[in-house]
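1. Starting from these lines, generate the structure:
(chains A and B)
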Amino acid sequence: MNWYKVYGLSLRHFYLIKSSFPRILDLLYWPSIQIFLWGFISKFFTLSSTYYSNTVGVILSAAILYDFLFRASISYNMMFLEEIWSRNFTNLFISPIKIKEIIAALTLTAVIRTLIGMVPASILAIPLFGVSIFKIGLPLIALLISLYIFGITLGLLVTSGLIRFGPSFENIAWASLFFLAPLGCIYYPIEILPNWLQIIAKILPLVHIFEEMRNILINEIISYSQILIAIAISFFLLCHGHYGFLHLIQWGKNKRNIN
Amino acid sequence: MKLEIKNLQKKFNNFTAVDNISFNIQEGETLGLLGPNGCGKTTTIGMLLGLIKPTNGEILINETNLDNLNREEVLSEVNFASPYVELPKKLTVRENLEVYARLYGIKNFKNKINEISKDLNLELFLDKKTGELSSGQKNRVSLAKSLINDPKILFLDEPTASLDPDIGDFVREYIEKYKSKNQMSILLASHNMKEVERLCDHVIMMRGGKIVDRGTCKSLIDKHGRNNLEDTFLKIARNKNELV
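-> Alright, predicted model coming up:
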């Protein structure tokens, strides 16, 4: 891994963000809007639902974590789409950079883009709604890592789709996370799902992450096994996503989809 | 760096885009790749750059098969410029050149950027966004990017397309000077026959994915009994039955 080249490719995206006020605004304002929206919904639910009555902020914490996942995945997709929109693909793929260095650059840049939006939004929730995501404590780091790995996996799958189907796959890129949201049990416990869907949902790390988040906030118990399962599933899916991405790069070279 | 192409073929399903072509580019040589639109020039360049996987055939660099060489090592000695491939529009010229200098592993890139921008008259708009430049300026930026790593082999796809005669002449003169100074090999795809006559040591003519003729510009003009390369090109391109 040549970090000088990884930094070079990351710079391309930082320069892009730096040069455009709407891009900076986009990074900051969506997470904050989410906080406002889910903050008020959360406030209403905590006043009206017996399930949430003792735990202010469970929904808002879930919204923050879900937005973290969304930002990580979308940031990854956006950077790949930027290369397509700017017709820079050929220049990038004929430069002496390894695929793993491209993935590393996109992954690192995605985490910085995500944190730029999420850290201020999370801090904003404390004075506005009295909810702090940081109450989860140290397990929060593990949950965020798991979410981030899964976000990158989704990003890899969508970029694979962009290579396979071209820019027309863009709409799927935007909607990719919403397909999985119902199965992720972000705002409700897994028991709400029919039995057969529960089996499918457990294949995703989201269920384990959000169940654990609720477990910590409501029951004040930490289940490390649940956290480990979430990370293991995320990592397993990442390996498959990475393999699929490499496979489609080779496919693209056969079909002239790369240049 | 010597490039040798043996029986290169590319099929897309039932369509043969490039059909068993063979040619060499010697060190310091400029080879012109000519042919009508859709004859396989861009696919050939795509295969040489590793963007398209050949169906059959071999690409040898200094007598070693490309498949047995380290991809990154080969690409660090090669570069490409085309007006049809753009650099990110929102980045300034300097930022784009810096990004590509880093991707090519150039350590002392500030001096290199200053040197190239001075040579190509880019100094005045180094800090302008690339998307705000005229097509002539963009072409020169693309050429600057393609020379950032002092390539041993340079692939040029219509480098002076859309340039006015003055800037076009400036770019051709610069390529000539740069080549003689750096002993690089060039594969030039162009529809500008005067440019090909001026820059190329040899040319190959393609039609329907095949090489239909090859030689020096003068030998081809003489062989086909024409006065210039443009008339020779037209004769070869229109004569469907003539194959070498």
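2. CA atoms for contacts and neighbours, from now on please.
-> OK.
3. Quick check: residue A:203 is in a helix.
-> No. Judged by DSSP: H, G, I helix; E, B strand; the rest coil, residue A:203 forms no part of a helix; its state is coil.
4. Measure how buried it is and give me the count.
-> Applying other CA atoms under 10 Å in any protein chain shown, we find 17 residues neighbouring residue A:203.
5. what does the one 4 residues further on give?
-> Residue crowding around residue A:207 was assessed by other CA under 10 Å; the count is 23.
6. And the one 3 residues further on, by the same measure?
-> For residue A:210, the tally of surrounding residues (other CA under 10 Å) stands at 27.
7. same deal with the one 3 residues further on?
-> Applying the criterion other CA under 10 Å, we find 27 residues in the vicinity of residue A:213.
8. Hmm, residue A:135 and it touching each other?
-> No. Using CA atoms under 8 Å, residue A:213 makes no contact with residue A:135, being 10.3 Å away.
9. Give me the buried positions along the helix-or-strand element of chain A with minimal mean pLDDT.
-> Every helix and strand in chain A was compared by mean pLDDT, DSSP states H and E; the lowest is helix A:170-184, with a mean of 78. Under the neighbour-count criterion of 16 or more other CA atoms under 10 Å in any protein chain shown, helix A:170-184 has A:170, A:173, A:176, A:177, A:183, A:184 buried.
10. can you check stretch A:155-164 too?
-> Within stretch A:155-164, the residues that qualify as buried are A:155, A:156, A:157, A:158, A:159, A:160, A:161, A:162, A:163, A:164, counting by 16+ other CA under 10 Å.
11. Chain B: which of those residues is nearest?
-> residue A:163 (12.8 Å; CA to the nearest CA).
12. in which helix or strand would I find the closest one?
-> helix A:139-165 (DSSP states H and E).
13. can you tell me the average pLDDT over that helix?
-> Mean pLDDT, helix A:139-165: 87.
14. That one and chain B, are they touching?
-> No. Applying CA under 8 Å from any CA of the partner chain, one finds helix A:139-165 separated from chain B by no less than 12.8 Å.
15. Just give me the neighbour total for the residue of the stretch 101-250 of chain A found nearest chain B.
-> Closest residue of the stretch 101-250 of chain A to chain B, CA to the nearest CA: residue A:250 (8.0 Å). Residue A:250: 17 surrounding residues under other CA under 10 Å.
16. So it lies in a strand, does it not?
-> No. Read with three-state DSSP, residue A:250 is helix and lies in no strand.
17. before we move on, back to that, other SSEs contacting the helix holding residue A:163?
-> In this structure, helix A:139-165 packs against helix A:58-85, helix A:170-184, helix A:205-214, helix A:224-255, with contacts taken as 3 or more CA pairs under 8 Å, 6 or more residues apart in numbering or on different chains; DSSP states H and E.
18. Report pLDDT for residue 134.
-> Because you didn't say which chain, this covers chain A. pLDDT for residue A:134: 87.
19. Chain B, not that one
-> On the pLDDT scale, residue B:134 gets 88.
20. Kindly report the same for residue B:81.
-> 91.
21. dump the residue contacts of it.
-> Residues in contact with residue B:81 (CA atoms under 8 Å, 6 or more residues apart in numbering or on different chains) are B:142, B:143, B:145, B:146, B:155, B:156, B:157, B:159.
22. Now do it against residue B:161, distance only.
-> Note on residue B:81: its distance to residue B:161, by CA to CA, to the nearest Å, is 11 Å.
23. same deal with residue B:59?
-> 28 Å.
24. Give me the more crowded residue out of those two.
-> residue B:59 (23 against 17).
25. any idea how far that one lies from residue B:212?
-> Residue B:59 is 20 Å from residue B:212, by CA to CA.
26. Find me whatever residue is spatially closest to residue 230, sequence neighbours aside.
-> Let's take chain A. residue A:205 (4.6 Å; CA to CA, 6 or more residues apart in numbering or on different chains).
27. hm, I was asking about chain B
-> Nearest non-adjacent residue to residue B:230 (CA to CA, 6+ apart): residue B:193, at 5.5 Å.
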